[in-house]
Every structure is written in structure tokens, then in C-alpha cells.
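Student: quick one, structure for this:
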Amino acid sequence: MMMKKSCGIFWMTGLAMFVGAQDAGGLKSSDVKVEFPVVQIGLMDRKGESLPIPKLIFGAMLSVPAPLNFEADDKVQEQVLTAEDSTGKKLGDVTFNLAFLGGASRESVNKTLVYGECPRLPAADASWVRLRGTLRVPVARDRETPLYEFPLEEKEVKKDVPLSPYAEREQKGDIIVAEEEPACEWTVSLAERKGEQFTVRVSLGSEHRFMIDEWQLFDGKGRKIDSSVLSFFGSVSENFLEDGYVLQFPYQGELPVLKVKLLYKQHVDIVTVPVDVRIGWGGQRK
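Tutor: Numbers count the residues shown, from 1 in each chain. This next block holds a predicted model:
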């Protein structure tokens with residue numbers, strides 16, 4: 001067994017992969033993939049101090065094909081897989097936190113890497129480690145709206161846009177829409193203009209909470225404007241949530257209208273993925 005030392009951490013190369021999923025929303029079993037490309041023995045904590053007992057660390061790579069993606073969901077939080085080595089030694093629980101998977105990245109295959117720690121090391125003569133259990137993975141679908149046009153004025157301009165934070169649900173081959181898309185309130189206003197530098201406020205108001213990836217801006221001719229986020233704002237009441245962004249961008253000439261597009265995620269489901277893999281130093285063992 002070859003081990004290398006880097007930055008105070010011994011690491012062992014290995015790869016294990018498991019594909020499978022079960023959920024009430026009808027996702028195919030091949031839609032969620034779990035790989036274990038990283039196995040490390042941690043000798044130091046995050047502060048660089050030596051650990052009294054080294055920890056076995058597994059890196060789980062989760063992946064889904066576009067337009068599926070991952071979302072943050074505090075309903076899942078810590079997930080546990082049990083570990084046992086080839087000698088029969090029980091290594092304890094490997095704990096992964098899957099509550100914070102959401103990100104704005106959009107690829108043909110969306111991936112995220114999470115780490116889990118095991119309290120005990122395998123026996124010196126162990127040839128593999130077996131991980132068993134289930135991971136509950138929150139899955140979303142990447143969506144984007146059409147362009148909506150707003151006159152760019154200092155006063156707020158509001159527009160009702162049909163938008164739902166929940167994806168259509170597939171069941172037994174039929175697509176079932178739980179409810180019609182509710183009307184959300186978009187608000188756009190010009191906060192400040194200094195020469196060719198524009199600052200605008202855009203917000204989404206709804207009774208539902210949306211997972212916003214990006215507000216995209218375009219001029220009246222549909223040409224994309226590159227903007228940066230200066231700050232966020234919002235409000236919460238009993239039946240209404242406002243999620244706002246302050247965006248800044250340079251633009252030459254007049255800008256009487258602003259076209260706006262929203263990139264966001266729709267919740268699909270929390271997918272239960274059964275895991276049963278043997279991870280050897282040279283790869284997965286059967």
C-alpha cells in the first residue's frame with residue numbers, strides 16, 4: 001500500500017463508484033451518481049495542529065446530469081455511512097453534511113465534493129474498506145426565465161411574473177403539475193448613475209422562497225450586460241418574502257429600458273441513494 005505525505009496529510013489513491021437512486025418524484029436510478037475518489041488519513045486539524053488520533057477521511061463526489069443540479073436543504077444535514085475493513089474491524093460512522101450543496105455553477109454534468117470523517121483507522125493488513133448505508137441527496141433543476149422588459153427609472157417598476165420554485169413531478173411516466181405557477185413580483189429601479197456607471201436594484205417577491213443563481217441584464221436590443229453584485233437586500237413578512245440584489249455595470253449611452261432574466265433552481269426532491277462499496281487502495285473491490 002503506497003502512501004504519500006502532503007501538507008501534513010497522508011493520502012491513499014483509490015476510486016469507488018456507486019450509481020443508484022430511489023425517490024417518490026420519479027428520478028431514474030442513473031440520475032444520481034456517488035463516487036469516492038478520495039481517501040485520506042488526516043494528521044492535522046483545520047488550524048494545523050496535530051490530532052491526538054488520526055482520522056480516516058473519505059471524499060464523496062456527487063454528480064447529476066444537466067439540467068439537474070444540487071440545492072441547499074437543511075432537512076438533510078448530516079448523513080451517516082458505516083465503515084468496516086476487510087479484516088472485520090468496525091471503524092464507526094462516516095458522517096457527511098449534505099445540507100449545503102447548492103451552487104450557481106451549471107455544467108453538462110454538475111458535481112460537488114463532500115467529505116466525511118471516520119473515527120478509527122483500518123487494520124494495518126486491511127486491503128479495503130466497506131462503506132454501507134444511504135445518502136439523502138437534495139436535487140434541483142436549473143431553470144431560466146424569458147427576458148422581461150422594464151423601463152429604467154428611479155422609481156420602482158413592478159411586474160408580475162409566473163414562476164414556481166417547485167419542478168413538475170414525474171410519476172409513473174406521467175408528468176403531474178401540483179399547482180399552477182404563482183405570480184411573483186419583480187421590481188426593478190435605477191439606484192444611481194454616475195457617468196457611464198449604472199447601479200440598479202432588482203428583486204423577487206413571493207410567498208415562496210426561491211433559490212436564485214443569477215440575475216442577468218440586457219439592453220433594449222437584447223445585448224447582455226456584464227454586471228457585478230454590490231450587495232443584497234430583502235424583507236420577510238408573514239406571507240411575503242423579498243430577495244433583492246444591487247447590481248452595478250458600465251454602459252455607454254442612454255439606457256431607457258432594461259431587460260432582465262433570472263437563473264434559478266426548482267426543487268425536485270430529496271433522493272435516497274443506497275451505498276454499498278468496497279474501497280481498495282487500487283480502486284473498487286467486488
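
Student: can you show me the helices along the stretch 1-150 of the chain?
Tutor: Listed in chain order, the helices found in the stretch 1-150 of the chain under DSSP state H, counting those that start in this stretch amount to none.

Student: how about the strands in it?
Tutor: Counting by DSSP state E, counting those that start in this stretch, the stretch 1-150 of the chain forms strands over residues 4-6, 9-13, 17-19, 33-44, 50-65, 68-70, 78-85, 90-97, 109-118, 128-144, 148-151, given from the N-terminal end onward.

Student: in a markdown table, list those strands along with mean neighbour count.
Tutor: Backbone N, C-alpha and C define where each C-beta goes, glycine included. Conversion of the strands of the stretch 1-150 of the chain to a markdown table gives the following (neighbours: other C-beta atoms under 10 Å):
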| stretch | mean neighbour count |
| --- | --- |
| strand 4-6 | 9 |
| strand 9-13 | 15 |
| strand 17-19 | 15 |
| strand 33-44 | 19 |
| strand 50-65 | 17 |
| strand 68-70 | 24 |
| strand 78-85 | 18 |
| strand 90-97 | 17 |
| strand 109-118 | 17 |
| strand 128-144 | 20 |
| strand 148-151 | 15 |
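
Student: which one, of those, ends up nearest to D213?
Tutor: strand 128-144 (7.5 Å; C-beta to C-beta).

Student: which other helices and strands does that closest one contact?
Tutor: strand 33-44, strand 50-65, strand 68-70, strand 78-85, strand 90-97, strand 257-280 (3 or more C-beta pairs under 8 Å, 6 or more residues apart in numbering; DSSP states H and E).

Student: what angle separates it from strand 33-44?
Tutor: 120 degrees (axes from the mean of the first three to the mean of the last three C-alpha atoms, to 10 degrees).

Student: sheet-wise, list the partners of strand 128-144 with their directions.
Tutor: According to DSSP bridges, strand 128-144 has the following sheet partners: strand 68-70 (antiparallel), strand 78-85 (antiparallel), strand 257-280 (antiparallel).

Student: out of these, the one nearest K159 is which?
Tutor: The stretch from the strands paired with strand 128-144 with the least distance to K159 (C-beta to C-beta) is strand 257-280; that distance is 9.0 Å.

Student: and the closest one with strand 50-65, angle?
Tutor: Orientation check (the same axes, to 10 degrees): strand 257-280 against strand 50-65 gives 120 degrees.

Student: name the residues of strand 257-280 that are buried.
Tutor: 258-260, 262, 264-271, 273, 275, 277-280 (16 or more other C-beta atoms under 10 Å).
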